[in-house]
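Chemist: Sequence and predicted structure are below.
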Amino acid sequence: MAVFPRRALPFAVGACFAAIGCVPYQRTKEEGMTPEKRLAGARQPVQVRVMDFSPGGDPLGPVTVDKVVLSEAEWREQLTPLSFEVLRNKGTEVAFTGKYNKHYEPGLYRCRGCGTVVFLSGTKFDSRTGWPSFWTPAAAENVYTEADSSYGMVREEVLCRRCDGHLGHVFPDGPPPTGLRYCLNSAALDFSPPGAGAAR
């Protein structure tokens, strides 16, 4: 599966992708910090609250879990090159190449970085953009958004609450009842059919 290089993407390609809603995203929140400083700060114990789900996709209530914080080398060892580029470097897979773009089996979509349930199959729809799209997350607690002003646009980046992995972007052009389109990368997700445990 192809992925856009982190620092070699011409602006013209980004403008082309902007026309259909998803473009490569490469901003790093920790730019300017040395790896040692990032890791020293990251190793401090941090906990977050996320919604727990049964294997069948039923919400079980919020739970407090440790935030998943790894060094770059540890992430590289755990993830494929493509998943690392998307989740940790905020890359975007090429449209229509992701394994979950046309995937509509019932089940749970989990963050590939930490296994947190982030989206459910019942909210997935065909946006015809070439990326897996959902009209709402599995639970508001399990994802968060940040403003993304790259490429001269203002968009909302979608990240995993537990590991801060980049999942995609959300746009205000989705179907009812929310009117939102969470445009995600297959490389950032794992899928669990009903009754199965986490893929990781």
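Modeler: On my side now, so go ahead. Quick caveat, the model's predicted, so the values are computed rather than measured. Numbers count the residues shown, from 1 in each chain.
Chemist: hey, let's count contacts and neighbours off CA atoms from now on
Modeler: OK.
Chemist: From Leu189, how far out is Trp118?
Modeler: Check again: residue 118 is Val, not Trp. Per Cα to Cα, to the nearest Å, Val118 is found 9 Å from Leu189.
Chemist: Residues that sit against both of those two, list them.
Modeler: The contact sets of Val118 and Leu189 overlap at Tyr109, Arg110, Cys111 (Cα atoms under 8 Å, 6 or more residues apart in numbering).
Chemist: wait, which of these is closest to Asp66?
Modeler: Set against Asp66, the nearest of the shared contacts of Val118 and Leu189 by Cα to Cα is Cys111 (15.1 Å).
Chemist: Count residues in the vicinity of the residue nearest to Pro193 when sequence neighbours are not counted, would you?
Modeler: Spatial nearest neighbour of Pro193, chain neighbours left out: Gly107 (4.2 Å); criterion: Cα to Cα, 6 or more residues apart in numbering. Neighbourhood size, Gly107 [other Cα atoms under 10 Å]: 19.
Chemist: Which pLDDT value belongs to the spatially most central residue of the chain?
Modeler: Averaging the C-alpha coordinates of the chain gives a centre point, and the residue nearest to it by Cα atoms, centre = their mean is Leu167 (1.2 Å). The per-residue pLDDT reported for Leu167 equals 98.
Chemist: show me where this structure has helices.
Modeler: Using DSSP state H, the helices of the chain run over 11-18, 35-42, 72-78, 81-87.
Chemist: Packing partners of the third one?
Modeler: What that stands for is helix 72-78. For helix 72-78, not one helix or strand is in contact under the criterion 3 or more Cα pairs under 8 Å, 6 or more residues apart in numbering; DSSP states H and E.
Chemist: switch the cut-off to 10 Å
Modeler: Using 3 or more Cα pairs under 10 Å, 6 or more residues apart in numbering; DSSP states H and E as the contact test, the elements touching helix 72-78 are helix 35-42, helix 81-87.
Chemist: cool, the last one as well?
Modeler: With contacts taken as 3+ Cα pairs under 10 Å, 6+ apart, helix 81-87 sits against helix 72-78, strand 166-171.
Chemist: buried stuff in that helix?
Modeler: Of the residues in helix 81-87, Leu82, Ser83, Phe84, Glu85, Val86, Leu87 count as buried by neighbour count, 16 or more other Cα atoms under 10 Å.
Chemist: how about the strands in the chain?
Modeler: 47-53, 59-66, 108-111, 117-120, 124-125, 133-134, 143-148, 155-160, 166-171, 181-184, 189-192 (DSSP state E).
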